[in-house]
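Chemist: Here's my sequence, what's the structure:
(one chain, ligands or ions: 2)
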Amino acid sequence: WQEVLGDGALVLRGFALPYATALLQALPVLLAQAPLRHMLTPGGQPMSVAMSSCGDYGWVSDRRGYRYAAQDPASNLPWPPLPADWLRLAASAAAAAGFAGFVPDACLINCYQPGARMALHQDCDERDFGQPIVSVSLGLPVMFLFGGMQRSDRAQRVPLAHGDVVVWGGPARLRYHGVLPLQPGSHPQLGAQRINLTFRKAR
Ligand code: MD3
Ligand code: FE
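Modeler: Ligands and ions are numbered 1, 2, ... in the order given. Just a heads-up that it's a prediction; the model follows:
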């Protein structure tokens, strides 16, 4: 149930299953305060993935670029706080992968409908690349692309299913990655969507 994807990248299959009910219970409350929205790329195109955040910082994209912000630009209010049980899940997954003491200050909530995808990119808006990122997949399965240090490097395809957690740290932290278009389907808890939570230390 532990798979090494590469140096610094560890898949914990089903790690979030015991937390899934609690994770999903908190979601509607968070999303009522900070609704999912299709942010614009700096080029002005709406992203196919709908996003929100919780925690001290949220990830924002618009014509000015990508950044973390302490307020939701849609409301100018702080992002909702990171629920305590979400923090516990992130910390225990990070610890299982060798990153003791992980205390994220941001959680991105990515919502995929069938057809939504994420092009190959690096996560480089955080301050300290020594901190890992923990990702939690919920709902429909998807094919994840795990690339190299350059966009042109050949990417491994990794299926990610409901409850899977991946910890990305050390030399994997700046690897290119993306997600193939979500295939149609229906998940017993989430219906026709996939939700991905990524826990980060932004500042
Ligand atoms: C590999 N999200 O939000 S999670 C993102 O499924 C993002 O929504 C994808 O990429 C999703 O930035 C993938 C897996 C992931 C997250 C961060 C990484 C893989 C990573 C950082 C470095 C390397
Ligand atoms: Fe990413």
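Chemist: What about Q193, how many residues nearby?
Modeler: Q193 has 18 neighbouring residues, counting by other C-beta atoms under 10 Å. Backbone N, C-alpha and C define where each C-beta goes, glycine included.
Chemist: what's it in contact with, if anything?
Modeler: C111, Y112, Q113, G139, L140, L182, H187 (C-beta atoms under 8 Å, 6 or more residues apart in numbering).
Chemist: So what pairs up with the closest residue to L36 other than its chain neighbours in the strands?
Modeler: Once flanking residues are discounted, L36 sits nearest to A50: 3.9 Å by C-beta to C-beta, 6 or more residues apart in numbering. Taking DSSP bridges as the rule, A50 bridges to C111.
Chemist: Was I right to think A50 contacts L108?
Modeler: No: using C-beta atoms under 8 Å, A50 makes no contact with L108, being 11.4 Å away.
Chemist: returning to that earlier point: what residues does the residue nearest to L36 make contact with?
Modeler: Counting by C-beta under 8 Å, 6+ apart, A50 makes contact with L36, R37, H38, N110, C111, Q113, A116.
Chemist: 7 Å instead, please
Modeler: L36, R37, H38, C111 (C-beta atoms under 7 Å, 6 or more residues apart in numbering).
Chemist: And D125, by the same measure?
Modeler: Contact partners of D125, counting by C-beta under 7 Å, 6+ apart, are W59, Y66, R67, Y68.
Chemist: Let me know the secondary structure of the first one.
Modeler: I take that to be W59. Assigned by DSSP: H, G, I helix; E, B strand; the rest coil, the conformation of W59 is strand.
Chemist: related to what we said a few turns ago, may I ask which of the contacts of D125 has the most neighbours?
Modeler: Using other C-beta under 10 Å as the neighbour criterion, W59 leads those with 25 neighbours.
Chemist: ok, now which ones touch that residue?
Modeler: W59 makes contact with S53, Y68, A106, L108, D125 under the criterion C-beta under 7 Å, 6+ apart.
Chemist: What about those residues, which are in strands?
Modeler: S53, Y68, A106, L108 (DSSP state E).
Chemist: so who does L31 touch?
Modeler: Shown in contact with L31 (C-beta under 7 Å, 6+ apart): S52.
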